[in-house]
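With the input below, show me the fold.
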Amino acid sequence: MPVIDLPIGWTVVLDSIAWAILQPSIAYLAIRLPDSVLGADQWLYRTRAWERGGSIYEKLFRVKAWKSWLPSGGPVFRGGFSMRRIVSHDTEYLRRWVKETCRAELTHYIALASSVLFFLWNPLWLALVMVLYAVITNVPCIIVQRYNRPYFVRLLSVRDSSADQPVLAGAGPMRAARPH
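Numbering: from 1, shown residues only. The predicted model follows:
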């Protein structure tokens with residue numbers, strides 16, 4: 001039983017307004033998070049063994065076929081970061097890219113979790129529709145971040161380890177394998 005009882009038409013209007021406020025508000029707050037909470041080595045963002053370096057997402061969901069269709073919300077706010085395409089191979093830029101994948105992932109987890117608020121004013125069936133909406137709009141974005149991040153982490157790791165190694169005559173730069 002919802003805490004607030006509204007006619008279904010007003011409930012749908014409230015749902016629309018709530019999502020229109022929640023999603024950008026969460027993104028706005030996430031952009032202002034300090035980088036210290038966005039390390040790829042932190043528990044939430046760490047690549048798990050079962051993810052196989054992100055390749056599990058290509059195998060299960062064919063992520064490469066549809067990831068370019070997702071919007072990049074980063075540049076909507078001042079200070080945001082577009083992950084639409086890679087514009088530099090500079091190490092600092094790639095480090096920022098990794099942090100931004102963490103930021104985007106966290107943003108979508110929070111948006112997904114916020115769907116429980118809809119149980120306050122929706123009948124059960126419509127609250128479940130709102131949870132389904134949250135899953136459909138946020139889980140694909142989380143999958144893309146978890147697919148992309150291991151590649152950049154490996155690339156940066158190879159760069160960092162090769163910077164510590166002596167340069168061998170005739171040896172070219174090492175490259176991290178991109179997940180297939």
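
Tyr45 reaches Lys99, doesn't it?
No - in this structure Tyr45 lies outside contact range of Lys99 using C-beta atoms under 8 Å: 9.4 Å. No exception for glycine: its C-beta is placed from N, CA and C like everyone else's.

Please enumerate the shared neighbours of those two.
The contact sets of Tyr45 and Lys99 overlap at 38-39 (C-beta atoms under 8 Å, 6 or more residues apart in numbering).

so which strand or helix has the residue nearest to Pro75 when sequence neighbours are not counted?
For Pro75, ignoring the flanking residues on the chain, the nearest one in space by C-beta to C-beta, 6 or more residues apart in numbering is Ser82 at 4.4 Å. Taking DSSP states H and E as the definition, Ser82 sits outside all helices and strands.

At the geometric centre of this structure, which residue sits there?
Nearest to the mean C-alpha position of the chain, counting by C-alpha atoms, centre = their mean, stands Glu105 at 2.8 Å.

so who does that one touch?
44-45, 141-142, 145-146, 149 are the contacts of Glu105 under C-beta under 8 Å, 6+ apart.

Can you select the buried ones from those residues in PyMOL?
Per 16 or more other C-beta atoms under 10 Å, the buried members of the contacts of Glu105 correspond to this PyMOL selection:
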select buried, resi 45+141+142+145+146+149
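
What helix or strand is Ala127 located in?
Under the assignment here (DSSP H and E), Ala127 is part of helix 124-163.

ok so, going back, how much space between the residue nearest to Pro75 and Val37?
Using C-beta to C-beta, to the nearest Å, Ser82 is found at 21 Å from Val37.

surely the residue nearest to Pro75 meets Gly74?
Yes - the pair Ser82 / Gly74 is scored as a contact, 5.2 Å apart, by C-beta under 8 Å.

So these two - more neighbours on which side?
Neighbours around Ser82 and Gly74, counted as other C-beta atoms under 10 Å, are more numerous at Gly74. The numbers are 19 against 12.

Can you tell me how far that one is from Trp43?
For Gly74 relative to Trp43 (C-beta to C-beta), the value is 23 Å.

buried ones in stretch 46-62?
So for stretch 46-62, counting by 16+ other C-beta under 10 Å, buried means 47, 51, 53-58, 61.

What of stretch 23-43?
Buried-residue list, stretch 23-43, by 16+ other C-beta under 10 Å: 23, 26-27, 30-31, 38, 40.

again with stretch 15-24
Neighbour-count burial for stretch 15-24 flags 15, 18-19, 22-23 (criterion: 16+ other C-beta under 10 Å).

Right, I'll call it a day here.
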